[in-house]
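Undergrad: What follows is a predicted structure for the sequence shown.
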Amino acid sequence: MPLPWLTQLRRYLPPLSPVTTAASDQPLLAAGDLQPLRARASQPHPSLIRFEHNVAQPRIGDRLSRFRGRGFEFEENRVYQPGDEQRLINWRLYARRGELYSKVFVEERRPEVFVLVDRRAAMRFGTRVRLKATLAAQLAAITLFQARHRMIAAGGVVLEDRARWFSPAQGAAGLDALLEAISAPCPPQSFDREQESLPEVLAQLAMRLDDGCFILLLSDFADLDVDHNTAILQRLGEKHTVQAIRIHDAVEARLPPIQPLLIDDPGFEPLVVDGREANHDGRYDAAVARQQQLLDDCFSQCRIAAYHCEASVDWGDCLQQAARGSAGHG
């Protein structure tokens, strides 16, 4: 069950945040910000990228796939069938049994990396150091650079009012367009504007990608209803290696001592939230903890490694801790 009031509260907090209005016309990541990320990508660790499923991408590579063919990984001997290549006949087995058998190999395919970066209104918020969208951009960029360093095709979807899809590419040109979209200026937006939902994009993701990808989800997951969207996450977790990083702000984790607010949005019960009292009696902390536990349980059930990180934390520390947690999950 989602907590609507906790999500709607974000509408009233931007006036508390100087980060949302500072240099909102500047890119989230400038050239100077990308350089250390690019340099770090050449180091083997830490990295979130891992592959735990047989791949189904069309590119020939070095990972086991679900395809049988002219690979190097022997799978089995099967009874010879007309049309089998003679060079695949197991003559030693024929000498022992007197029957013809063909060797069957598994083809190796090259996997793909795919990042989902949420840049909608709730991610354009921050009260400490940076916006939530900025940390998402940093983590996405380092992952894309690591994929490029390992010669792995990488693509992504940038979620704003409408999702922008970038097909997996291996060369620099293909990734540059995705990096530009991730790094673009991120001025505050009205919560009342029409925006594509995260569950809608996840459903499209499940249909678009061939099996065996590594998928990195970067969002606050504010509109993910675990009661209705678990099936989508399960489909992703069954076919792909998925890492989810929930990015939150310090104010969202602990309510500031604000005056009472009346939250009265259509479709929700009117609610008065008093920051001077909610923290003292533990109601707000308990609600936040319950929402986080619901998400964690959902991701775990769907075989998705999940980690939550405050936006003010250095991207390197967040990456290292998330990578350590995902290794334990695997």
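TA: Right, received. Where do you want to start? Numbering: from 1, shown residues only.
Undergrad: Doesn't residue 52 belong to a helix?
TA: No. Residue 52 is assigned coil when assessed by DSSP: H, G, I helix; E, B strand; the rest coil, not a helix.
Undergrad: and the residue nearest to residue 90 when sequence neighbours are not counted, what does it touch?
TA: Spatial nearest neighbour of residue 90, excluding adjacent residues (C-beta to C-beta, 6 or more residues apart in numbering): residue 101 at 4.7 Å. Placement of C-beta: from N, CA and C, glycine included. Contacts here follow C-beta atoms under 8 Å, 6 or more residues apart in numbering; on that basis residue 101 touches 77, 78, 79, 80, 89, 90, 93, 94.
Undergrad: before we move on, what about residue 299?
TA: 233, 244, 305, 306.
Undergrad: ok, back up a step: is the residue nearest to residue 90 in a bridge, and if so with what?
TA: Residues in a beta bridge with residue 101, per DSSP bridges, are residue 79.
Undergrad: Can you point out the buried residues in the helix or strand where residue 36 lies?
TA: Under the criterion of DSSP states H and E, residue 36 resides in helix 31-40. Neighbour-count burial for helix 31-40 flags 33, 34, 37, 38, 40 (criterion: 16 or more other C-beta atoms under 10 Å).
Undergrad: Give the other helices and strands that it contacts.
TA: If you count contacts as 3 or more C-beta pairs under 8 Å, 6 or more residues apart in numbering; DSSP states H and E, helix 31-40 packs onto helix 132-149, helix 172-183.
Undergrad: contacting residues around the shortest one?
TA: Outside of helix 172-183, the residues within contact range by C-beta under 8 Å, 6+ apart are 27-30, 33-34, 115, 117, 119, 136-137, 140-141, 144, 148, 154-156, 158, 164, 166-169.
Undergrad: of the residues you listed, buried ones?
TA: 27-29, 33-34, 115, 117, 119, 136-137, 140-141, 144, 148, 154-156, 158, 164, 166, 168-169.
Undergrad: rewinding a little: and the contacts of residue 101, which two are furthest apart?
TA: 78 and 94 (13.2 Å; C-beta to C-beta).
Undergrad: that older thread, possible to save the contacts of residue 101 as a markdown table with neighbour count?
TA: Output for these, formatted as a markdown table (neighbours: other C-beta atoms under 10 Å):
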| residue | neighbour count |
| --- | --- |
| 77 | 15 |
| 78 | 13 |
| 79 | 9 |
| 80 | 16 |
| 89 | 16 |
| 90 | 17 |
| 93 | 15 |
| 94 | 13 |
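Undergrad: ranges for the strands of the stretch 101-250 of the chain?
TA: For the stretch 101-250 of the chain, strands defined by DSSP state E, counting those that start in this stretch occupy the ranges 101-109, 112-118, 153-159, 163-169, 214-219, 241-248.
Undergrad: could I get these as JSON lines with mean pLDDT?
TA: As requested, the strands of the stretch 101-250 of the chain are arranged in JSON lines below (pLDDT from 0 to 100):
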{"stretch": "strand 101-109", "mean pLDDT": "68"}
{"stretch": "strand 112-118", "mean pLDDT": "95"}
{"stretch": "strand 153-159", "mean pLDDT": "94"}
{"stretch": "strand 163-169", "mean pLDDT": "89"}
{"stretch": "strand 214-219", "mean pLDDT": "96"}
{"stretch": "strand 241-248", "mean pLDDT": "95"}
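Undergrad: Residue 124 is nearest to which of those strands?
TA: So among the strands of the stretch 101-250 of the chain, strand 112-118 is nearest, using C-beta to C-beta, at 9.9 Å.
Undergrad: The closest one - contacts with which helices or strands?
TA: Using 3+ C-beta pairs under 8 Å, 6+ apart as the test, strand 112-118 ends up in contact with helix 132-149, strand 153-159, strand 163-169, helix 198-208, strand 214-219.
Undergrad: Adjacent strands (with direction) for the last one?
TA: Listed by DSSP bridges, the sheet partners of strand 214-219 and their directions read strand 112-118 (parallel), strand 241-248 (parallel).
Undergrad: contacting residues around it?
TA: Contacts for strand 214-219 (C-beta under 8 Å, 6+ apart): 48-51, 111-118, 123, 136, 139-140, 143, 159, 198, 205, 209, 236, 240-247.
Undergrad: Buried subset of those as a ChimeraX selection?
TA: Here is the ChimeraX command that selects the buried residues among those (16+ other C-beta under 10 Å):
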select :48,49,51,111,112,113,114,115,116,117,118,123,136,139,140,143,159,198,205,209,236,240,241,242,243,244,245,246,247
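Undergrad: What does the pLDDT read for the residue lying farthest from the centre of the chain?
TA: Farthest-out residue of the chain from its mean C-alpha position, per C-alpha atoms, centre = their mean: residue 98, at 53.8 Å. The model reports residue 98 with a pLDDT of 85.
Undergrad: and it, what are its phi and psi?
TA: Main-chain dihedrals, residue 98, degrees, to the nearest 10: phi 80, psi 10.
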